[in-house]
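Peer 1: turn this into a structure:
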Amino acid sequence: MPKSTKPNYKSRRGFLTGAAAGAAGLIARPPIAMAQQSGGSAKVEVSTPQRPGADFMMDVIKSLGIEYCATNPGTSFRGLHESMINYGGNKDPELLTCLHEESSVAMAHGYAKIEGKPMMIMAHGTVGLQHASMAIYNAYADRVPVYIILGNILDINYRRGSADWYHSVQDAPSMVRDYVKWDDTPVTLSHFGESAVRAYKIAMTPPYEPVVIVADGVLQEELITEKNLRVPKLSVSSPPQGDSSAVMDAAKVLVAAENPVIVAGRLARTPHGIDLLVELAEALQARVYDQRLRMNFPSRHPLSAPPVSDPITPNLSDADVVLALEAQELWTLTNKMSGLNRFGMETQPTIKPGTKLINVSAVELNHKSNYQDFGRYVEVDLNITGDAEATLPALIEAVKKLTTSDRRRAFEQRGAKVIEANQKQRERTRDLAAVAWDASPISTARLAAELWAQVKNEDWSLVSNDRYPSYWPTKLWDFKKHYHYIGAQGAAGIGYGAPAAVGAALANRKHGRLTVNIQPDGDINYAPGVLWTAAHHNIPLLNIMHNNRAYHQEHMYVQMVANKNDRGIDRSHIGTVLGSPNIDYAMMAKTYGLYGEGPISDPRELGPAIRRGIERVKKGEPALLDVLTQPR
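Peer 2: Numbering: from 1, shown residues only. You can find the predicted model right below:
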């Protein structure tokens, strides 16, 4: 660390030697970050004392191939902010202006699930990280990489006043350490270089998770004095695969099974994961339940089991073998609570006695003790620790090798029964969608159906949690490609939906995809300013409000408790209903610079309104349609 005891702010970029001389020097010396685009190992020649440490930090960040940095501006990282937009040219990464730290992290969350790599966010000291913490936990529970740079002023001699003291901390990442994969607080620039590259590598090794690197304010702003600085070369790790003998054991059990069922949670890290699961399912002619935590399996594939209600808890009652691939919380998958599920813990299994359970997951490689995202302990017959997508090729090969002609005939007979049962369920689902078709407010089934009619011939991407419109998109739409659906928020933290949709739309923008967000009204009110971010950065996104004017899930719970206590439900709206006055989301959208329309309560007006919204989005604008909907 520098030995001076107070900041020499006027020394930056040669201001003491004259503004003209400083400007001439900048033109004469091309920035190292501009000259280094290979991302390899390179020595930084410090030929002048006029470069701040943040410039070197920028060299390191550019080497990682990060496209965007979402941030709400903060004093503790102002040096890095300035270097990013001037020295770095505001490109790779490009700065995205956010109005709340929780939104910046949720944007990175949605972006990573489309693009397959992290977005960077910067947060300010204590208060910025406190704002960001809920969104970080969502990303952690959803196994999503987010690259977090946290500003802090560790040396007390550089804290200018009370605000710096309130916003500085001895151990900056400690408040989120239980739900990030790794963090470090570098004390030199060379230390920053190594840790910044290491953090990216750790974030991108399954299971993916957020990481935090502290960029000390003094280290950013003081002039470079270290010699022989270099940008370390990034080498991303290969994903861990399951043990080969255990994979062979799993193949033996699956080939011998009479009715195996495959449950996929966060299997498909890449588009190839979908292809692998199709290959395995067809080799076994086995029913597949996609828990919709990612886009894992084509929804209209003949072996895809349509969800009856919640895809997280499929019907496994007839299975003799269950293969779980990065599945969500195995206890909930194989058990259910009886009666009123919040009152008492009477449980019963959802699988029959003797059913064998095979689990393939990398989550056990990163268990933490405090936050209980791992669920109850489940006794499994065969537990394979490794990334499921990376393990599938060996499992497919073993299954095919062990399949005899007799077993293949049995598989074909089983597959025919599965396909017939799945088709009948799809027909029942279509019949259910017609219930309350002409109702006002608009039914969630009609909302999903009208939207599908308008987007099905486009290159579309649904970037919202389809739980909130009662899983109707999952039941009615034809999901095939990895970007057709990105799953939910991980830890069920509200406030994720709108910013994650904006981040995902940003990733889709360069591909020309039509990005669609079915937006719950309660969620958007946590941080609606992300709509301005979408307008400011020209991020095309179609937002369709699922506006039931309530925190409806909590409304139902209050009603349930009131019924249990025999008090009636006539007061259950208190604290749960968003009315008196009603919120005008179309006006909100217009205020933030979007095209806004609504509220729409007549179902006959919905299709034309969606077409108008799509026209605006195709022109490169974000749009929002306020649709008044049935509660579920």
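Peer 1: and for Ser309, the neighbour number?
Peer 2: Using other CB atoms under 10 Å, Ser309 has 11 neighbouring residues. Just so you know, the C-beta spots here come from the backbone N, C-alpha and C atoms, and that holds for glycine as well.
Peer 1: from what I can see it touches Lys475, true?
Peer 2: No - Ser309 is beyond contact range of Lys475, at 9.8 Å (criterion: CB atoms under 8 Å).
Peer 1: tell me, what's touching the two both at once?
Peer 2: Common contacts of Ser309 and Lys475 (CB atoms under 8 Å, 6 or more residues apart in numbering): none found.
Peer 1: my guess is Asn422 contacts Pro302. True?
Peer 2: Yes - contact criterion CB under 8 Å: Asn422 and Pro302 qualify, at 6.5 Å.
Peer 1: quick check: which element contains the most centrally placed residue in the chain?
Peer 2: Nearest residue to the geometric centre of the chain (CA atoms, centre = their mean): His109, 3.5 Å. Using DSSP states H and E, His109 sits within helix 101-115.
Peer 1: same question, Val214
Peer 2: Element membership for Val214 (DSSP H and E) is strand 211-216.
Peer 1: likewise for Gly579?
Peer 2: Following DSSP H and E, there is no helix or strand that holds Gly579.
Peer 1: how about it: what's its closest non-neighbour residue?
Peer 2: Nearest residue to Gly579 in three dimensions, chain neighbours excluded: Arg549, at 5.3 Å (CB to CB, 6 or more residues apart in numbering).
Peer 1: tally up the residues packed near His367, please.
Peer 2: Residues within reach of His367, counting by other CB under 10 Å, total 9.
Peer 1: ignore what I typed, I meant Arg177.
Peer 2: 15.
Peer 1: from Ile121, how far out is the residue nearest to the centre of the chain?
Peer 2: 10 Å (CB to CB, to the nearest Å).
Peer 1: mutual contacts of those two, please.
Peer 2: Common neighbours of His109 and Ile121, counting by CB under 8 Å, 6+ apart, are Val146.
Peer 1: where in the stretch 101-250 of the chain is pLDDT low?
Peer 2: For the stretch 101-250 of the chain, applying pLDDT under 70 flags no range at all.
Peer 1: ok, which stretches of it are strands?
Peer 2: 120-124, 147-152, 182-184, 211-216, 229-231 (DSSP state E, counting those that start in this stretch).
Peer 1: need those in TSV with mean neighbour count and distance to Ala362, can you?
Peer 2: Shown next, in TSV, are the strands of the stretch 101-250 of the chain (neighbours: other CB atoms under 10 Å; distance: least, CB to CB, whole Å):
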stretch	mean neighbour count	distance to Ala362
strand 120-124	28	24
strand 147-152	26	20
strand 182-184	19	15
strand 211-216	26	16
strand 229-231	21	29
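Peer 1: setting aside sequence neighbours, what's the nearest residue to Glu329?
Peer 2: Looking at Glu329 with CB to CB, 6+ apart, the closest residue is Gly375, at 3.7 Å.
Peer 1: confirm that neighbour sits in a helix?
Peer 2: No - counting by DSSP: H, G, I helix; E, B strand; the rest coil, Gly375 falls outside a helix, being coil.
Peer 1: list the residues that contact it.
Peer 2: Per CB under 8 Å, 6+ apart, neighbours of Gly375: 329-332.
Peer 1: circling back: just put the strands of the stretch 101-250 of the chain in TSV and tack on distance to Leu96.
Peer 2: Converted to TSV, these look like this (distance: least, CB to CB, whole Å):
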stretch	distance to Leu96
strand 120-124	9
strand 147-152	14
strand 182-184	23
strand 211-216	18
strand 229-231	24
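Peer 1: re earlier: my guess is the residue nearest to Gly579 meets Asp521, correct?
Peer 2: Yes - counting by CB under 8 Å, Arg549 touches Asp521, with 6.6 Å between them.
Peer 1: three-state assignment of Asn370?
Peer 2: Following three-state DSSP, Asn370 is assigned to coil.
Peer 1: okay, now it: neighbour count?
Peer 2: Asn370 is flanked by 8 other residues according to other CB under 10 Å.
Peer 1: do Lys417 as well
Peer 2: Quick note: Lys417 (other CB under 10 Å) scores 12 neighbours.
Peer 1: kindly report the same for Gly512.
Peer 2: Residues lying near Gly512 (other CB under 10 Å) number 10.
Peer 1: can I get stretch 560-569 as CSV, trimmed to CA atoms?
Peer 2: The C-alpha trace of stretch 560-569 is given here as CSV (Å, rounded to 0.1, in the frame of the first residue of the first chain):
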residue,chain,number,x,y,z
MET,A,560,-55.8,-20.4,5.3
VAL,A,561,-54.7,-19.4,8.8
ALA,A,562,-58.0,-17.5,9.4
ASN,A,563,-60.0,-20.6,8.4
LYS,A,564,-57.9,-22.7,10.7
ASN,A,565,-58.7,-20.3,13.5
ASP,A,566,-62.4,-20.2,12.5
ARG,A,567,-62.3,-16.4,12.0
GLY,A,568,-63.4,-16.0,8.5
ILE,A,569,-61.5,-14.5,5.5
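Peer 1: any idea of the pLDDT on Ala21?
Peer 2: Looking at Ala21, its pLDDT is 39.
Peer 1: cool, and Phe343?
Peer 2: 60.
Peer 1: got it, and Lys336?
Peer 2: pLDDT at Lys336 comes out at 85.
Peer 1: for it, helix, strand, or coil?
Peer 2: strand.
Peer 1: in the helix or strand harbouring Leu392, what counts as buried?
Peer 2: Using DSSP H and E, Leu392 sits in helix 388-402. For helix 388-402, the neighbour count (16 or more other CB atoms under 10 Å) marks 388-392, 394-396, 398-399 as buried.
Peer 1: picking up where we left off before, contacting residues around the strand holding Val214?
Peer 2: Counting by CB under 8 Å, 6+ apart, 1, 54, 57, 77, 80, 145-155, 172-173, 176, 180-187, 192, 195-196, 199-200, 202-203 sit against strand 211-216.
Peer 1: residue contacts, Val105?
Peer 2: Neighbour list for Val105: 70, 121, 132, 135-136, 138-139, 146, 148, 210, 499 [criterion: CB under 8 Å, 6+ apart].
Peer 1: which residue sits closest to it, ignoring its sequence neighbours?
Peer 2: Ala135 is the one closest to Val105 (CB to CB, 6+ apart), at 3.5 Å.
Peer 1: same deal with Ala507?
Peer 2: Nearest residue to Ala507, sequence neighbours excluded (CB to CB, 6+ apart): Ile114, at 3.7 Å.
Peer 1: what about the one you found, how many residues nearby?
Peer 2: Count around Ile114 with other CB under 10 Å applied: 22.
Peer 1: that one reaches Ser461, doesn't it?
Peer 2: Yes - under the criterion of CB under 8 Å, Ile114 makes contact with Ser461 at 7.1 Å.
Peer 1: overlap in contacts, these two.
Peer 2: With CB under 8 Å, 6+ apart as the test, Ile114 and Ser461 both reach 483, 486, 504, 508.
Peer 1: roughly how far does the nearest residue to Gly495 once chain neighbours are set aside sit from Glu605?
Peer 2: Closest residue to Gly495 in three dimensions, ignoring its sequence neighbours and counting by CB to CB, 6+ apart: Tyr526, at 3.2 Å. Per CB to CB, Tyr526 is found 28 Å from Glu605.
Peer 1: okay, these two: which has more neighbours?
Peer 2: Shown here are Tyr526 and Glu605; by other CB under 10 Å, Tyr526 has more neighbours (19 against 15).
Peer 1: any stretches of this protein with poor pLDDT?
Peer 2: Low-confidence segments of the chain (pLDDT under 70): 1-49, 338-345.
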